[in-house]
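1. Sequence unavailable; structure follows:
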């Protein structure tokens with residue numbers, strides 16, 4: 001029985017990542033020069049998966065990441081692959097938003113800042129878009145594809161449909177890295193789950209005990 005593989009890759013280091021501010025889908029920033037150099041270095045040292053089908057979030061930083069890693073590929077832009085919208089919290093220093101995230105993700109007393117997505121709406125969207133891509137692959141007979149997206153999408157989706165089952169924070173991906181999801185049609189129909197079978201790029205060692 002043949003498996004379907006979907007490689008999820010987080011965009012490279014963006015301009016917001018460099019200045020350490022919160023940037024979601026409300027800030028359509030570009031890759032930083034540091035980010036482009038880092039991706040080229042990762043590409044030289046490690047192995048990124050290859051596939052004919054390339055899904056990309058329609059944000060500057062993801063499109064530019066795809067251009068660096070897969071310069072000769074046709075891109076299929078998928079709007080639901082965009083990062084969460086944090087509303088009025090976007091652009092605030094990362095050092096100041098810890099309390100916001102704790103309450104945003106609190107099931108008992110959540111907050112939804114003006115203009116933002118709720119955490120549970122975002123979590124549902126993340127799982128839905130990755131599920132839709134996998135199901136589309138099965139219907140079209142596409143056995144391997146790549147999706148260049150955002151850290152929040154990857155972590156939220158894998159905490160919902162990934163195996164082994166782990167908390168969202170355990171699926172956090174560094175810039176330019178990600179995971180391979182693998183499932184069969186029978187496994188998907190039975191459980192709506194997919195196994196995480198590799199850390200990307202191949203040869204990259206994910207650091208341990210990092211804070212999100």
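-> Right, received. Where do you want to start? Worth saying up front: this structure is predicted, and the values here are computed from it rather than measured.

2. Go ahead and confirm residue 173 touches residue 153.
-> No - counting by CB atoms under 8 Å, residue 173 sits too far from residue 153 to count as a contact (9.8 Å). Any C-beta I mention is one placed from the backbone N, CA and C, and that applies to glycine too.

3. Looking at those two, which is more packed in?
-> Neighbours were counted for residue 173 and for residue 153 using other CB atoms under 10 Å; residue 153 has more, 27 against 23.

4. Can you say which helix or strand has that one in it?
-> Mapping residue 153 onto the secondary structure by DSSP states H and E places it in helix 151-161.

5. And the longest helix along the chain, what does it pack against?
-> As assigned by DSSP state H, the longest helix anywhere in the chain is helix 119-140. If you count contacts as 3 or more CB pairs under 8 Å, 6 or more residues apart in numbering; DSSP states H and E, helix 119-140 packs onto strand 4-10, strand 144-149, helix 151-161, strand 178-183, helix 185-191.

6. Can you mark which positions in that helix are buried?
-> If you call a residue buried by 16 or more other CB atoms under 10 Å, then helix 119-140 has these buried ones: 119, 122-123, 125-127, 129-131, 133-134, 137-138.

7. Next: stretch 99-106.
-> For stretch 99-106, by 16+ other CB under 10 Å, it's 100, 104.

8. tell me the mean pLDDT over it?
-> The predicted model gives stretch 99-106 an average pLDDT of 88.

9. Equivalent analysis for stretch 129-144, please.
-> pLDDT averaged over stretch 129-144 gives 98.

10. Give me the contacts around that stretch.
-> 2-8, 49, 51-53, 55, 78, 80-81, 145, 147, 153, 157, 161, 181, 183, 185, 188, 192, 194 (CB atoms under 8 Å, 6 or more residues apart in numbering).
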